[in-house]
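Asks: predicted model and sequence below, questions to follow.
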Amino acid sequence: GEPYMVVRDNEGTIRAFFNVCRHHAAQLTPLCGQGCVDKFVCPYHGWTYGLDGRLTKALRLKGIKEFKAKDFGLKPIAAAEFGPLVFINLNPDAKKDQLRENFLEVHNILDERQFNDLSWVKRVEYPMECNWKVFVDNYLDGGYHVEHLHPALTDNLDISSYSTKVTPLYSIQEAAGVGDVRVGGHALY
């Protein structure tokens, strides 16, 4: 995939950028990193960018004819925030409002189920030693594998109510719960 980074700037706005210095195409941050910074510094020549993506420092370029720092900011990526979730679109022509529109149904479902007030706890990574398409396809089988592969989960779901809605941009899977404290009365995937 494309290297990208998502930041919350000093004003609290979510922004996303391609994780590539505009000068020498070096990666600015670790691919799976997280943390707090007040700027991004290219490890190759030290070009420095603000959290808003502006180029704020480029060493020894004052004499370069017609160089304008404003033309060399980080390449932005459309980003939208819905409750605790951040959505991005790598298409350079995508607009933030388009993201909001495309995922409004997801936002409304999360809001109805009171998931929008969740807060981030920690990042957990699960390395998958398979083609990503096989992994994603696993989630699109309508729960067909659940009662055979996940019996403990099956005990907490009404499998007959399991449904999958697939759209060009996302899928929503739902099932009624049968009272388990972790699942509650409804499961949403």
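Replies: On my side now, so go ahead.

Asks: next SSE after the longest strand out of those in the chain?
Replies: Across the chain, the longest stretch assigned as strand under DSSP state E is strand 157-166. As assigned by DSSP states H and E, the chain's next helix or strand after strand 157-166 is strand 171-177.

Asks: show me where the protein has its helices.
Replies: Counting by DSSP state H, the chain has helices at residues 96-102, 104-112, 132-139, 146-149, 151-154.

Asks: worst mean pLDDT among the ones you listed?
Replies: Mean pLDDT is lowest for helix 132-139 out of those, coming in at a mean of 81.

Asks: ok, Ile14 touching Glu81?
Replies: Yes: with contacts counted by CB atoms under 8 Å, Ile14 reaches Glu81, the gap being 4.7 Å. Every C-beta, even on glycine, is put in place using the N, C-alpha and C of the backbone.

Asks: residues touching the nearest residue to Leu118 once chain neighbours are set aside, list them.
Replies: In space, Leu118 comes closest to Pro84 once its chain neighbours are excluded; the distance is 4.5 Å by CB to CB, 6 or more residues apart in numbering. By CB atoms under 8 Å, 6 or more residues apart in numbering, the contact set of Pro84 is 115-120.

Asks: what about Lys70, distance to Asn138?
Replies: Going from Lys70 to Asn138 by CB to CB, to the nearest Å gives 46 Å.

Asks: higher neighbour count, these two?
Replies: Using other CB atoms under 10 Å as the criterion, Lys70 and Asn138 rank with Asn138 on top: 12 against 7.

Asks: ok, and what's touching the helix or strand bottoming out on mean pLDDT in the chain?
Replies: Lowest mean confidence among the helices and strands of the chain (mean pLDDT, DSSP states H and E): helix 132-139, at a mean of 81. Residues outside helix 132-139 that contact it (CB under 8 Å, 6+ apart) are 128, 145, 171, 173, 189.

Asks: try 7 Å this time
Replies: 128, 171, 173 (CB atoms under 7 Å, 6 or more residues apart in numbering).

Asks: right, and the helices of the chain - which one's nearest Lys62?
Replies: Smallest distance to Lys62 across the helices of the chain (CB to CB): 34.4 Å, for helix 96-102.

Asks: what residues of the closest one count as buried?
Replies: Under the neighbour-count criterion of 16 or more other CB atoms under 10 Å, helix 96-102 has 96, 99, 102 buried.

Asks: same question for stretch 148-159.
Replies: Neighbour counts over stretch 148-159 (16+ other CB under 10 Å) mark 153-154, 156-157 as buried.
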